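> Test case, fold it:
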Amino acid sequence: MVDYLNHTVSARPQLFDVFLSHAHEDGELVEELGMRLEAQANIRVWLDRWILVPGEHWQQEMAKGLEQAKTCAVCIGDATPQGWFREEIERALNLQTKKPDFRVIPVILPNGTPTIIDNFLELRTWVHFKEGPQDPKAFHLLVSGVRGTPPGRNRAKVTDDPGMLAVRETLGRIRALRQDQLIDDDIALEYQRRVLERLITRIESL
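I've put the predicted structure just below:
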């Protein structure tokens with residue numbers, strides 16, 4: 001098998017903020033998490049079921065996706081990574097050795113435990129979604145990891161605010177309209193900008 005990470009890693013543009021790596025059985029949970037990252041944090045997500053085109057060589061496309069992402073979130077459920085999932089993790093770690101600013105973030109899903117993380121991931125600070133995909137503290141930590149920023153002290157203040165529900169729903173509807181091709185990307189981005197501007201104004205007034 002050709003190792004698609006052996007060439008210069010800067011050859012491809014960084015089109016995504018995070019590559020979501022996961023086992024097939026955790027696909028639904030990880031997709032929900034990816035939707036939150038896009039809708040609530042405006043993070044560009046690479047997720048296999050959103051990106052891969054039927055009939056293409058998926059191994060090659062996933063290797064390209066890793067190269068085009070700034071970080072990799074390894075989402076671990078109740079099983080030790082095996083097969084292609086484990087190889088995908090190794091590829092991400094290999095990329096990190098060549099590109100030090102590329103972060104590999106272990107993410108423990110609600111059905112997983114930190115003990116599942118084996119030697120090659122245990123030295124990294126992980127994020128644990130103990131309360132499910134909607135866990136505000138874990139989500140804040142993950143967003144901070146993807147962005148490469150310290151989480152700070154009052155990390156759940158905004159995400160715990162009940163007023164965030166309307167913002168989440170609005171951004172989710174915008175994303176759905178874009179996916180259904182009812183609005184184009186420019187219009188979707190403009191709507192997102194307006195929603196986020198109102199949110200920022202509200203946060204500054206707290």
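
> May I see the buried residues of whichever strand or helix holds residue 32?
Per DSSP states H and E, residue 32 falls inside helix 27-41. By 16 or more other CB atoms under 10 Å, the buried positions in helix 27-41 come out as 29, 30, 31, 33, 34, 35, 36, 37, 38, 39, 40, 41. Any C-beta I mention is one placed from the backbone N, CA and C, and that applies to glycine too.

> Which secondary structure elements does it sit against?
Other helices and strands packing on helix 27-41, by 3 or more CB pairs under 8 Å, 6 or more residues apart in numbering; DSSP states H and E, are strand 16-22, strand 45-46, helix 48-51, strand 69-76, helix 136-147, helix 164-179.

> who touches that helix?
Helix 27-41 has contacts (CB atoms under 8 Å, 6 or more residues apart in numbering) with 17-18, 20, 22, 43-45, 47, 49-50, 75, 77, 107, 109-111, 129, 133-134, 139, 142-143, 146, 159, 164, 167-168, 171-172, 174-175.

> and what of stretch 47-55?
20, 27, 30, 31, 34, 58, 61, 62, 65.

> from those residues, which is closest to residue 198?
Set against residue 198, the nearest of these by CB to CB is residue 34 (24.0 Å).

> quick one: pLDDT of the closest one?
Listed pLDDT for residue 34 reads 93.

> which ones are touching residue 16?
Contacts of residue 16 by CB under 8 Å, 6+ apart are 44, 45, 46, 65, 68, 69, 70.

> should've said residue 171
Shown in contact with residue 171 (CB under 8 Å, 6+ apart): 38, 39, 40, 192, 195.

> if we can go back for a sec, is there a quick ChimeraX command that grabs whichever of the contacts of residue 16 are buried?
Buried residues among those (16+ other CB under 10 Å), as a ChimeraX selection:
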select :45,46,65,68,69,70
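
> on that earlier part again, in a markdown table, list the buried residues of helix 27-41 along with distance to residue 83.
Compiled in a markdown table, the buried residues of helix 27-41 are given as follows (distance: CB to CB, whole Å):
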| residue | distance to residue 83 |
| --- | --- |
| 29 | 19 |
| 30 | 16 |
| 31 | 20 |
| 33 | 21 |
| 34 | 21 |
| 35 | 26 |
| 36 | 27 |
| 37 | 25 |
| 38 | 28 |
| 39 | 31 |
| 40 | 32 |
| 41 | 30 |
